[in-house]
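[1] model this:
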Amino acid sequence: MTDPIADLLTRIRNGQQAGHKSVTLAASKVKVAITSILADEGYIAGYAQHQGTPRGLIEITLKYDNDGNGAIHELQRASKPGRRVYVGAGDIPKVRSGLGTAIVSTSRGILAGHAARKENVGGELLCTVW
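    Numbering: from 1, shown residues only. You can find the predicted model right below:
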């Protein structure tokens with residue numbers, strides 16, 4: 001697999017469109033960090049790590065409203081293996097005028113856009129979600 005982050009985002013997007021309660025995928029530190037930010041920002045109901053395989057698994061519980069609509073409206077990969085996108089602290093985008101979240105890989109770890117702006121660090125813009 002050439003882009004595990006895109007695979008994570010696609011599995012979440014497809015699982016939500018199909019109405020699944022949860023999705024399961026192979027774990028990595030980057031995937032756990034992104035999933036943690038999505039949970040903290042309220043886009044997913046939660047996640048759990050399982051040690052069933054050598055790398056482990058992540059089970060992501062998806063979040064829906066009372067009408068069955070997913071909490072995530074759009075989930076886009078910004079930086080790709082063939083075209084990396086780097087932003088400075090002042091250039092981190094405010095997704096949908098602040099209604100969404102950008103996820104940035106910085107020297108201080110993977111952070112939500114507002115946290116990276118607050119700490120005044122830039123980095124690789126991984127994805128945007130709203």
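[2] Quick check, central residue of the protein?
    Nearest residue to the geometric centre of the chain (C-alpha atoms, centre = their mean): residue 34, 4.2 Å.
[3] And it, what's its pLDDT?
    Per-residue pLDDT puts residue 34 at 98.
[4] Buried residues in the helix or strand hosting it, which are they?
    For residue 34, the host element (DSSP states H and E) is helix 29-40. By neighbour count on 16 or more other C-beta atoms under 10 Å, the buried set for helix 29-40 is 31-35, 37-39. (Glycine included, C-beta is placed from N, CA and C.)
[5] of all those, which two lie farthest apart?
    Within the buried residues of helix 29-40, two members stand farthest from each other by C-beta to C-beta: 31 and 39, at 12.4 Å.
[6] tell me the angle of the longest helix seen in the chain relative to helix 29-40?
    Ranked by number of residues, the top helix in the chain under DSSP state H is helix 4-18. Orientation of helix 4-18 against helix 29-40 (axes from the mean of the first three to the mean of the last three C-alpha atoms, to 10 degrees) gives an angle of 40 degrees.
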